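1. Got a predicted structure here, sequence first:
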Amino acid sequence: MSAPRTQRWMYLLAALLAFTAFAASEQQPTARANQSPIALLMEIRDAIGPATSDFFLRTLQQATERNVHVVIVQLDTPGGLDSAMRDMIRAILASPVPVAIYVAPSGARAASAGTYLLYASHVAAMAPATNLGAATPVQIGAASMPAPQEPKPDDSRPGESKPDAEQQLRSSGSAMEHKMVNDAVAYIRGLAELRNRNAEWAESAVRTAASLSATEALAQKVIDIEAADVADLLLQMNGRVVKVSTGELTLATADLAVERVEASWRTKLLAMLTNPNVAYLLMLIGVYGLLLEGYNPGAFLPGVVGAIALLLALYAFQVLAVNYAGLGLMLLGVALIVAEAFAPSFGSLGLGGVVAFVIGSIILMDTNAPGFTIARGLIGGIAVAGALVALLISTYFSRSRKRPVVTGAEQLLREPAVAMTDFERTGPVRVRGEIWNAVTSEAVKAGDPLRIVRVDGLTLQVEPLRPGGPLQKT
């Protein structure tokens, strides 16, 4: 190995070691000796997903190792993935450090998954002009369950039993939908009973997507505190008795200093990768990069970029709710569009590829959770680009079929030949400046124009060119 190449590898290794050390230091909590009592404050201001769950679990672990008094989660979320929400709730239930979920600032909401988190928290608080609720599982509530209807007039006969509202609800929808709703109801009721909160309203939030304002939630004992800001929350929490994993604990929060926890680069990177639109684009870059490398072996750059992008996309799909039938349809669509270039079908392969790609893209994300669907505009733009590529390929091959042949034996049949000497059976002829051996059934003289009838290896079968023949010039 040459010296410059060895130096490059050494520089690369040194950079890798430095990055690893930086990552390790980023993950280590900063221990503070003899520090004053503090409360950790973290913010969640988006849909709850793998990045949010990872950030929350790391913050809770840091709080446990530092023995802080309380973790305050300032929440504003439209909902999120069920798996990420349950990971966070499991962490809250197993935490020796009290967790206070605080829906703030004014105008914020704790919808869907946020409602479950509020019910699971040791202290549930909201700022004025905030709301919570609408906790029906979104796969059902957003897509499958029928919209609430006006009560039907009572046309039953006297003496017949009348179906109640719950029986009417059960009569609509599929068995799977009822299983999901009942599972969600049992889950949130269990959390409500654990924290001594309003279980009846929690069930209505799941079954009928009920919502409450902060004032109403406090009046109905859905939350514990309505606080104007974090300082007010700390004052109102002071002296409360909560039950953590290690037993009952009396909160002493009146004089706590608040330390804000910011998301690390790792959390930000994970949030970017698990954005469905980014994962979608990474998969396309990966597939096309590997295809370009296959068309141009040795280019390296398309292959390297494609392999990295595809691995990142597969990682994102592994932590997201992905429909693998949709992923398969997308890959089939890309393969058909590419096949159009190698086996031109005048648009049938390309059109089929675009249709498969669009359908696969639409059903790729196996959830309707807010923030975890692929933008329809992005799907449409890429589909239009794929259709244009297929159209251009079809147009190119369609025009190429009408062009005259310029290579091979077929092209020679269109070229005029000239006899170089007098001969009766065999002799030399000139074609496009090249000298060929020719065979003829009629005697020809030097300079006579000839027509090529057939090409037999390196020998041409010719005949004199008649006036008005296909190659005769006028």
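-> All right, it came through fine. What you see is a predicted model; the values in this text were computed from it and never measured.

2. host element of Met180?
-> Using DSSP states H and E, Met180 sits within helix 175-195.

3. Output the following helix or strand past that helix as CSV - backbone C-alpha positions only.
-> Downstream of helix 175-195, the first helix or strand assigned by DSSP H and E is helix 199-207. Output in CSV follows, covering the C-alpha atoms of helix 199-207 (Å, rounded to 0.1, in the frame of the first residue of the first chain):
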residue,chain,number,x,y,z
ALA,A,199,-62.2,6.7,34.3
GLU,A,200,-65.7,7.3,32.8
TRP,A,201,-64.6,10.3,30.9
ALA,A,202,-61.4,8.5,29.8
GLU,A,203,-63.5,5.8,28.2
SER,A,204,-65.7,8.4,26.4
ALA,A,205,-62.5,10.0,25.1
VAL,A,206,-61.7,6.7,23.4
ARG,A,207,-65.2,5.6,22.3
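
4. Need the contact partners of helix 199-207.
-> 115, 119, 132-137, 169, 181, 184-185, 188-189, 191-193, 210-212, 220, 222 (C-beta atoms under 8 Å, 6 or more residues apart in numbering). (C-beta placed from N, C-alpha, C; glycine too.)

5. Determine the angle, from 0 to 180 degrees, between it and helix 175-195.
-> 150 degrees (axes from the mean of the first three to the mean of the last three C-alpha atoms, to 10 degrees).

6. For PyMOL, write a command that selects the buried ones of the contacts of helix 199-207.
-> For the buried members of the contacts of helix 199-207, the matching PyMOL selection, counting by 16 or more other C-beta atoms under 10 Å, is:
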select buried, resi 115+119+132+133+134+135+136+137+169+181+184+185+188+189+191+192+210+211+212+222
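
7. Contact partners for the closest residue in space to Ser211 that isn't next to it in sequence?
-> Nearest non-adjacent residue to Ser211, counting by C-beta to C-beta, 6 or more residues apart in numbering: Gly133, 3.2 Å away. For Gly133, the contacting residues are 111, 115, 205, 209-212, by C-beta under 8 Å, 6+ apart.

8. residues near Leu290, how many?
-> 16 (other C-beta atoms under 10 Å).

9. just Leu351 next, same as before
-> Leu351, neighbours per other C-beta under 10 Å, totals 18.

10. Could you do the one 4 residues further on as well?
-> Under the neighbour criterion other C-beta under 10 Å, Val355 is assigned a count of 15.

11. now for the helix or strand hosting it, which elements pack on it?
-> Assessed by DSSP H and E, Val355 sits inside helix 348-362. Counting contacts by 3 or more C-beta pairs under 8 Å, 6 or more residues apart in numbering; DSSP states H and E, helix 348-362 is packed against helix 324-342, helix 376-402.

12. Deepest in the core, which of the ones you listed is it.
-> helix 324-342 (a mean of 18; mean count of other C-beta atoms under 10 Å).

13. Report the contact partners of Gly353.
-> Here Gly353 is in contact with 332-340, 386, 390 (criterion: C-beta under 8 Å, 6+ apart).

14. where does the stretch 151-300 of the chain have low pLDDT?
-> 151-174, 295 (pLDDT under 70).

15. all strands in it, in order from the N-terminus.
-> 211-213, 225-226, 241-244, 247-250, 257-260 (DSSP state E, counting those that start in this stretch).

16. Export the ones you listed as TSV, with columns for distance to Glu424.
-> As requested, the strands of the stretch 151-300 of the chain are exported to TSV (distance: least, C-beta to C-beta, whole Å):
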stretch	distance to Glu424
strand 211-213	104
strand 225-226	115
strand 241-244	113
strand 247-250	118
strand 257-260	104
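
17. now for those strands, which one comes closest to Gln74?
-> strand 257-260 (9.5 Å; C-beta to C-beta).

18. Convert the C-alpha atoms of the closest one to PDB, please.
-> What follows is strand 257-260, C-alpha atoms only, in PDB (Å, rounded to 0.1, in the frame of the first residue of the first chain):
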ATOM      1  CA  ALA A 257     -34.400  25.200  40.200                       C
ATOM      2  CA  VAL A 258     -35.500  24.300  36.700                       C
ATOM      3  CA  GLU A 259     -33.000  22.900  34.300                       C
ATOM      4  CA  ARG A 260     -34.100  22.700  30.600                       C
END
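
19. Find the centremost residue of the chain, please.
-> Pro276 (2.6 Å; C-alpha atoms, centre = their mean).

20. Go through the helices and strands packed on helix 348-362 and name the closest to Leu233.
-> Nearest of the helices and strands packed on helix 348-362 (C-beta to C-beta): helix 376-402, 40.0 Å.

21. What is the nearest of the contacts of Gly133 to Leu290?
-> Ala111 (40.6 Å).

22. Pull the number of nearby residues for that closest one.
-> If we define neighbours as other C-beta under 10 Å, then Ala111 has 22 of them.

23. any idea of the pLDDT on it?
-> On pLDDT, Ala111 comes in at 91.

24. got it, and the one 5 residues further on?
-> Per-residue confidence (pLDDT) for Tyr116: 95.

25. quick one on the thing from earlier: redo the contacts of Gly353 as JSON lines? Include distance to Glu463 and pLDDT.
-> Formatted as JSON lines, those follow (distance: C-beta to C-beta, whole Å; pLDDT from 0 to 100):
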{"residue": "Leu332", "distance to Glu463": "54", "pLDDT": "86"}
{"residue": "Gly333", "distance to Glu463": "54", "pLDDT": "82"}
{"residue": "Val334", "distance to Glu463": "53", "pLDDT": "79"}
{"residue": "Ala335", "distance to Glu463": "50", "pLDDT": "80"}
{"residue": "Leu336", "distance to Glu463": "48", "pLDDT": "81"}
{"residue": "Ile337", "distance to Glu463": "48", "pLDDT": "74"}
{"residue": "Val338", "distance to Glu463": "47", "pLDDT": "74"}
{"residue": "Ala339", "distance to Glu463": "44", "pLDDT": "76"}
{"residue": "Glu340", "distance to Glu463": "43", "pLDDT": "70"}
{"residue": "Gly386", "distance to Glu463": "52", "pLDDT": "72"}
{"residue": "Ala390", "distance to Glu463": "46", "pLDDT": "69"}
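
26. if I pick the residue nearest to the centre of the chain, what's in contact with it?
-> 320, 364-365, 372-374.

27. May I see the ChimeraX selection of the buried members of those?
-> Buried members of the contacts of Pro276, defined by 16+ other C-beta under 10 Å, are picked up in ChimeraX with:
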select :320,364,365,372,374
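
28. Least confident of the contacts of Pro276?
-> Per-residue pLDDT puts Phe372 lowest of those, at 66.

29. measure stretch 210-225 end to end?
-> 20 Å (C-alpha to C-alpha, to the nearest Å).

30. Run through who's touching it.
-> 103, 111, 118, 123-134, 197-198, 201-202, 204-205, 226, 233, 236-237, 240.

31. now do stretch 182-195
-> With C-beta under 8 Å, 6+ apart as the criterion, stretch 182-195 contacts 89, 93, 115-116, 119-122, 124, 135-137, 197-199, 202-203, 205-207.

32. hmm, try it at 6 Å
-> Taking contacts as C-beta atoms under 6 Å, 6 or more residues apart in numbering, the residues outside stretch 182-195 that touch it are 116, 119-120, 137, 199, 202-203, 206.

33. can I get those residues in CSV with distance to Val70?
-> What follows is the contacts of stretch 182-195, written out as CSV (distance: C-beta to C-beta, whole Å):
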residue, distance to Val70
Tyr116, 20
Tyr119, 18
Ala120, 15
Pro137, 31
Ala199, 25
Ala202, 24
Glu203, 29
Val206, 28
